[in-house]
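**Q** Let me see the structure of the following:
(3 chains)
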Amino acid sequence: MQYFLMKSEPESYSIDDLARDRVTPWEGVRNYQARNTMRDVMALGDVVFFHHSGIAEPGIVGEGRVASLPHPDETQFDPTSHYYDPKSTREYPRWYCVDVAYVCTYPRTLTLKELGNDSALVGLSLTKRGNRLSVMPIDPAHGAHLQHLSN
DNA sequence: GCCAACGTTGGC
DNA sequence: GCCAACGTTGGC
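**A** Take a look at the predicted model:
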């Protein structure tokens, strides 16, 4: 079992939205590295840390689980979608995603600030300066520590 | 709202 | 294939 982290601006999609929906396709990722992680690395049942970005106290707010095999991101085919990609075709889809199922909301936010000061999390790419990846793998030891912190 | 980081685009 | 310009992300 592997650990990953996915970022979202709560204004656009929050952990509460996922709690309500139970499962959602993680659409709208338009970065090749992030796509490759979803398409080639993730497996059913893997743990996903849910990170809120773009707010005063960014941090990890809960957990999800990979709930599907990779599949084409439908929004790339939709001309009315913000994520429409005219260069993508049904035959050769450019963008893939996985479904993410809700697991839990943490009783408190694991703030970026806190995580950046934790000696057990040295090397965590989330807290590296300039990191913009919205989907990233998390080292197993770091993942276990994050779950420990959330209790 | 600023700006660092970094991915993408397009001219050459 | 280089690289400048531009756009986006996201913390602060």
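**Q** wait, doesn't A:Y83 sit right on A:E74?
**A** No - A:Y83 is beyond contact range of A:E74, at 9.2 Å (criterion: CB atoms under 8 Å). C-beta: built from backbone N, CA, C; applies to glycine.
**Q** shared neighbours of those two, anything?
**A** By the contact definition CB atoms under 8 Å, 6 or more residues apart in numbering, A:Y83 and A:E74 are jointly contacted by A:E27.
**Q** Tell me how far the helix ranked longest in chain A lies from the chain's centre.
**A** Counting residues, the longest helix found in chain A (DSSP state H) is helix A:140-150. In this view, helix A:140-150 has its centroid 16 Å away from the chain centroid, taken as CA atoms, centre = their mean, to the nearest Å.
**Q** again, but for stretch A:18-31
**A** 9 Å.
**Q** Please identify the buried residues of that stretch?
**A** Residues A:L18, A:T24, A:P25, A:W26, A:E27, A:G28, A:V29 are the ones in stretch A:18-31 that count as buried (16 or more other CB atoms under 10 Å).
**Q** Touching it from outside, list them.
**A** A:6, A:13, A:17, A:35, A:38, A:50, A:62, A:64, A:67-68, A:71, A:73-75, A:82-83, A:85, A:95, A:97-102, A:105, A:133-135.
**Q** Span of it from start to end?
**A** Using CA to CA, to the nearest Å, the end-to-end distance of stretch A:18-31 comes to 22 Å.
**Q** now swap in stretch A:18-30 and tell me
**A** Across stretch A:18-30, the terminal residues are separated by 20 Å (CA to CA).
**Q** Quick check: mean pLDDT of that stretch?
**A** Across stretch A:18-30, pLDDT averages out at 96.
**Q** what does stretch A:101-116 give?
**A** 96.
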